[in-house]
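Q: what follows is a predicted protein model with its sequence.
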Amino acid sequence: MKKIILPLLCCLFATAIKAQTPCVPGTLSKPQSGYILPDSATNFNHACVGLYYEQIIYIKAPKDTTLGPATATVDSFVVNKNVIGLPPGLVVEAVPGFKSPNPPNPNTNFERLIIKGDSLACIRISGTVPVGTTPSVYNLTIEVRAYLKISGILPLDTASNIGYYKIDVKGQPCWPAAVNNLDAYGFELNANAPNPFSGVTLLSFNANQPDQYRLKVVNLLGEEVYQTSVKGLSGMNYIRLDASLWSSGVYMYALSNGRNTLTGKLQVIQ
């Protein structure tokens with residue numbers, strides 16, 4: 001039995017890691033020389049107290065820019081890892097990774113993402129806002145610096161802040177929004193809500209086109225306790241899980257469209 005259970009659990013955890021791998025630069029893009037996505041109009045996903053949250057920022061540094069009558073080439077953009085105003089429980093990661101502080105120069109004495117001109121990067125904000133956090137709108141401030149050369153000779157260091165992002169933290173009942181894996185996997189699996197739960201919970205997923213899905217739930221011994229096939233529609237979909245006959249404990253679930261599999265876990269309290 002162990003020879004069967006252990007590979008299955010390893011497979012489930014491997015797909016779980018796949019769903020939460022570091023962001024991939026350029027997954028979301030625009031046909032422009034430089035961009036930051038989402039923009040001020042789209043803004044960030046809302047967050048739910050007690051549920052996993054993820055938001056990815058996709059960045060392309062332009063090759064050059066215009067400063068009045070002159071053209072400035074872009075050496076690099078620098079983004080401060082310390083995002084001011086983050087809700088509790090959330091952390092910041094980046095691809096490429098953040099550079100360690102390099103004192104004593106104040107322009108380098110902090111963890112930072114360095115994006116060369118005409119190149120791609122991404123930042124992931126993720127985590128779980130702790131239960132008990134007061135629902136509120138958190139206004140964020142991200143410090144950025146641009147290192148330019150005017151006419152290819154004169155160096156210029158400019159500092160500014162991105163201040164239009166916000167995270168609206170909502171109390172329960174609340175369903176998390178998710179868009180980050182949509183292009184990469186064809187669908188995005190959200191955390192079930194409520195969780196932990198007794199009786200019934202709703203698992204939601206967002207799909208970019210109609211497709212057939214299979215859901216499988218196993219306990220921590222690798223024993224299958226539930227499976228079903230569902231027809232997913234373009235947009236948000238919901239699967240009702242009735243666990244009233246299950247034992248209390250933690251379960252792993254896997255949702256597959258036949259090409260990609262995303263997993264999560266739920267907790268039953270009877």
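A: Received, thanks.

Q: tell me where this protein has helices.
A: 2-19, 182-185 (DSSP state H).

Q: which of those has the lowest average pLDDT?
A: Of all the helices of the chain, the minimum mean pLDDT falls on helix 2-19 (a mean of 39).

Q: separation between the closest residue to residue 205 other than its chain neighbours and residue 204?
A: Spatial nearest neighbour of residue 205, excluding adjacent residues (Cβ to Cβ, 6 or more residues apart in numbering): residue 189 at 4.9 Å. From N, CA and C alone the C-beta is placed, and that goes for glycine too. The gap separating residue 189 from residue 204 is 8 Å, by Cβ to Cβ, to the nearest Å.

Q: swap in residue 34?
A: In terms of Cβ to Cβ, residue 34 sits 34 Å off from residue 204.

Q: what do you get for residue 147?
A: Remark: distance between residue 147 and residue 204 (Cβ to Cβ) = 43 Å.

Q: how about residue 163?
A: From residue 163 across to residue 204, the span is 31 Å (Cβ to Cβ).

Q: the two: who's more crowded?
A: Per other Cβ atoms under 10 Å, whichever of residue 163 and residue 204 has more neighbours is residue 204, with 18 against 14.

Q: which helices and strands does the strand ranked longest in the chain pack with?
A: Across the chain, the longest stretch assigned as strand under DSSP state E is strand 70-80. Applying 3 or more Cβ pairs under 8 Å, 6 or more residues apart in numbering; DSSP states H and E, we find strand 70-80 packed against strand 64-67, strand 112-116, strand 142-150.

Q: just these: most buried one?
A: Of the helices and strands packed on strand 70-80, the one with the most neighbours on average (mean count of other Cβ atoms under 10 Å) is strand 112-116, at a mean of 21.

Q: pull out the CA atoms of that strand and give them to me as CSV.
A: Output in CSV follows, covering the C-alpha atoms of strand 112-116 (Å, rounded to 0.1, in the frame of the first residue of the first chain):
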residue,chain,number,x,y,z
ARG,A,112,15.6,45.4,-5.1
LEU,A,113,14.7,44.0,-8.5
ILE,A,114,16.9,45.2,-11.3
ILE,A,115,15.3,45.1,-14.8
LYS,A,116,17.6,45.9,-17.7
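
Q: pLDDT-wise, which helix or strand of the chain ranks last?
A: Lowest mean confidence among the helices and strands of the chain (mean pLDDT, DSSP states H and E): helix 2-19, at a mean of 39.

Q: please give me every residue in contact with the nearest residue to residue 142 once chain neighbours are set aside.
A: For residue 142, ignoring the flanking residues on the chain, the nearest one in space by Cβ to Cβ, 6+ apart is residue 162 at 4.3 Å. Neighbouring residues of residue 162 by Cβ atoms under 8 Å, 6 or more residues apart in numbering: 36, 140, 141, 142, 144.

Q: wait, what's in contact with the third one?
A: By Cβ under 8 Å, 6+ apart, the residues touching residue 141 are 83, 84, 85, 161, 162, 163.

Q: now do 6 Å
A: Residue 141 makes contact with 84, 85, 161, 163 under the criterion Cβ atoms under 6 Å, 6 or more residues apart in numbering.

Q: equivalent analysis for the last one, please.
A: Each residue near residue 144 by Cβ under 6 Å, 6+ apart is listed here: 79, 160.

Q: same check, this time on residue 57
A: Counting by Cβ under 6 Å, 6+ apart, residue 57 touches residue 123.

Q: contacts for stretch 129-139?
A: Taking Cβ under 6 Å, 6+ apart as the rule, stretch 129-139 contacts 47, 49-50, 85, 87-89, 166-171.
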